[in-house]
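Engineer: requesting a structural model of the entry that follows:
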Amino acid sequence: MRADSSSTRPTPPADQFDMAVEVFRMLADTTRLRLLWELLDEERSVNELAEAIGKPAAGVSQHLAKLRMARVVRTRRQGNQIFYRLDNPHLRQMVEDGIYQAEHASGGLPAHHRSDAGGHGAAADGQTTA
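Structural biologist: Okay, the predicted model is just below:
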């Protein structure tokens, strides 16, 4: 805890905490988290997402509808297809950080710290790996 209370960040309004809890609720589902992981780098259609995570398109569509209503994803229509993308870069960071934290919690050198795994290329001690 800081000794100088004048340097603390301002407390957000109570309704922002409530909204944050709703975002975390949307992330607290394996299927939805996998869908969001698939959307980190590009927008994708329901069928592409269903194939990527190995789930039926109807179920994927229901999860995406929940994510859309919670303003976690956005949509774009092209003909009779709807494409989904993450709503903002903060969500991208939350999804990545959640997965990376899980890697740390499982012990050993996390994959995102290994240069051969497509991660950041930093070893556990903060040094770049060869």
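Engineer: check contacts around the residue nearest to the spatial centre of the chain.
Structural biologist: Centroid-nearest residue in the chain: Val95, 2.1 Å away (criterion: Cα atoms, centre = their mean). Residues near Val95 by Cβ atoms under 8 Å, 6 or more residues apart in numbering: 27, 33, 36-37, 40, 86. Glycine gets a C-beta too; all of them are placed from N, C-alpha and C.
Engineer: please identify which helix or strand holds the residue nearest to Val72 when sequence neighbours are not counted.
Structural biologist: Closest residue to Val72 apart from its sequence neighbours, by Cβ to Cβ, 6 or more residues apart in numbering: Met26 at 5.2 Å. For Met26, the host element (DSSP states H and E) is helix 14-27.
Engineer: what mean pLDDT does that helix have?
Structural biologist: The pLDDT scores in helix 14-27 average 93.
Engineer: could I get the CA-only coordinates of it as PDB?
Structural biologist: Coordinates of each C-alpha in helix 14-27 appear next as PDB, following Å, rounded to 0.1, in the frame of the first residue of the first chain:
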ATOM      1  CA  ALA A  14     -19.300   1.700  -9.200                       C
ATOM      2  CA  ASP A  15     -21.100   0.900 -12.500                       C
ATOM      3  CA  GLN A  16     -17.700   0.500 -14.200                       C
ATOM      4  CA  PHE A  17     -16.800  -2.300 -11.800                       C
ATOM      5  CA  ASP A  18     -20.200  -3.900 -12.500                       C
ATOM      6  CA  MET A  19     -19.500  -3.800 -16.200                       C
ATOM      7  CA  ALA A  20     -16.000  -5.200 -15.700                       C
ATOM      8  CA  VAL A  21     -17.500  -8.100 -13.900                       C
ATOM      9  CA  GLU A  22     -19.700  -8.800 -16.900                       C
ATOM     10  CA  VAL A  23     -16.700  -8.800 -19.200                       C
ATOM     11  CA  PHE A  24     -14.900 -11.300 -16.900                       C
ATOM     12  CA  ARG A  25     -18.100 -13.400 -16.900                       C
ATOM     13  CA  MET A  26     -17.900 -13.500 -20.700                       C
ATOM     14  CA  LEU A  27     -14.300 -14.600 -20.600                       C
END
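Engineer: okay then, goodbye and thanks.
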